[in-house]
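S.K.: just need the structure, nothing else, for what follows:
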Amino acid sequence: MSRTARSWPKSVDAILGALWGIISAGVGLLPWLMAGARLPLQNLWATETMPEDMPIALLPVSQYSVILILAMFVSGAVIAALGVRNFFGARRRPATAFTVAGLALVQLVAVVQAFSVVSVGLAPGRASTMYLTGLLAAAVISAAVGLLIFMMLLGKHRWLPTVGFALAAVPLASWVVEWMVQLSPRTIEGPFSTSMVYRWLPAILVGVSLAWCGLKPAALALVWVANLAFLWAIPALVTATQSTLGTRNQLGDFEAMGEIAVAVLKGALGPAGGAIYTVLLALGIAVAGLLLQRFVPTFRGNTRTSR
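M.R.: Okay, here's the model as predicted:
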């Protein structure tokens with residue numbers, strides 16, 4: 001870094017870091033904003049309303065959109081972390097806190113605005129209170145998961161960002177799919193359909209991250225096992241969550257919802273779910289990456305960082 005950059009006052013770190021956090025969070029929310037940001041129809045809405053007449057909300061607050069909110073928050077956090085890691089250089093440490101502040105500010109504003117709109121429009125009653133509380137808890141947890149992944153991606157030791165990418169892979173795939181739907185709805189039926197992207201992109205991300213991580217020292221084999229386990233389990237958990245929350249008739253019947261979740265989870269984790277193929281793809285990409293690093297000097301040189 002140049003002498004001029006080293007002499008920057010701390011206020012520059014604050015401004016640049018906060019600005020980057022704000023931009024990253026905004027990019028994370030962008031697919032929903034591009035869709036028009038109309039609040040989804042609510043089962044408990046006080047008045048009968050057409051979709052185009054629903055109010056503007058910065059988040060798609062609905063039991064059907066819990067995973068989308070998680071995807072947008074995690075994607076914003078990943079973008080923020082990658083920017084801090086690659087562009088702030090020696091100024092990374094002082095800029096990190098301000099980046100987190102900017103990221104959290106935008107996400108907090110989105111949560112407050114969206115849930116305020118929903119709370120005003122819902123019919124009064126215990127069901128609405130439970131519905132709003134549950135979705136608010138899910139949004140807060142999503143933001144916390146994003147912050148955790150942000151910090152992992154900035155970890156000094158290579159295993160931390162590698163595990164962080166494994167945790168972020170499925171939300172990132174959901175976010176990319178949302179972009180595909182907004183930019184070109186016809187991709188749903190094309191050769192690169194959204195279902196294919198959602199299924200295989202996490203495996204590609206995990207495989208590349210494992211190749212970057214490497215296997216020296218040998219203890220990093222534990223990271224490989226953990227990441228492949230995450231790749232096997234997280235899509236199944238997401239599928240079970242979507243299926244359970246999407247059962248309108250059983251919503252609120254926790255016993256029935258639990259039975260549905262367990263049944264879907266077992267099916268997704270079993271042989272019929274096809275999870276083994278995504279794990280094998282990730283493993284193949286990781287091994288191929290290791291071979292490239294061993295035999296191609298360019299790749300070997302670009303992957304030497306702290307373990």
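
S.K.: pLDDT weak spots in the stretch 101-250 of the chain?
M.R.: For the stretch 101-250 of the chain, applying pLDDT under 70 flags the ranges 185-192, 246-250.

S.K.: state the distance from residue 114 to residue 139.
M.R.: 8 Å (CB to CB, to the nearest Å). All C-beta atoms are positioned from the backbone trio N, CA, C, and that covers glycine.

S.K.: is it true that residue 40 touches residue 49?
M.R.: No - contact criterion CB atoms under 8 Å: residue 40 and residue 49 do not qualify, at 11.1 Å.

S.K.: please identify which of residue 114 and residue 139 sits among more neighbours.
M.R.: residue 114 (24 against 21; other CB atoms under 10 Å).

S.K.: isn't there a helix covering the more buried one?
M.R.: Yes - applying DSSP: H, G, I helix; E, B strand; the rest coil, one finds residue 114 inside a helix.

S.K.: contacts only, for it.
M.R.: 39, 57, 58, 59, 60, 61 (CB atoms under 8 Å, 6 or more residues apart in numbering).

S.K.: okay, now residue 126: neighbour count?
M.R.: 8.

S.K.: how many neighbouring residues does residue 213 have?
M.R.: 26.

S.K.: report the separation between it and residue 153.
M.R.: 13 Å.

S.K.: can you check residue 143 too?
M.R.: The value you get for residue 143 to residue 153, if CB to CB is used, is 16 Å.

S.K.: for residue 156, phi and psi?
M.R.: Phi and psi for residue 156, reported as degrees, to the nearest 10, are phi -70, psi -40.

S.K.: distance of it from residue 208?
M.R.: Taken as CB to CB, the span from residue 156 to residue 208 is 20 Å.

S.K.: what about these two, which has more around it?
M.R.: residue 208 (18 against 9).

S.K.: for the more buried one, which residues are in contact?
M.R.: 285, 286, 289.

S.K.: so which of those residues are in helices?
M.R.: 285, 286, 289 (DSSP state H).

S.K.: most neighbours, which of those?
M.R.: Going by other CB under 10 Å, residue 286 tops these with 24 neighbours.

S.K.: wait, it touches residue 223, no?
M.R.: No - assessed by CB under 8 Å, residue 286 is found out of contact with residue 223, at 10.7 Å.

S.K.: so what sits against both of residue 114 and residue 139?
M.R.: Once CB under 8 Å, 6+ apart is applied, the residues that residue 114 and residue 139 both contact turn out to be 59, 61.

S.K.: any chance you could list what contacts stretch 93-102?
M.R.: Contacts of stretch 93-102 (CB under 8 Å, 6+ apart): 10, 13-25, 80, 83-84, 88, 147, 150, 154.
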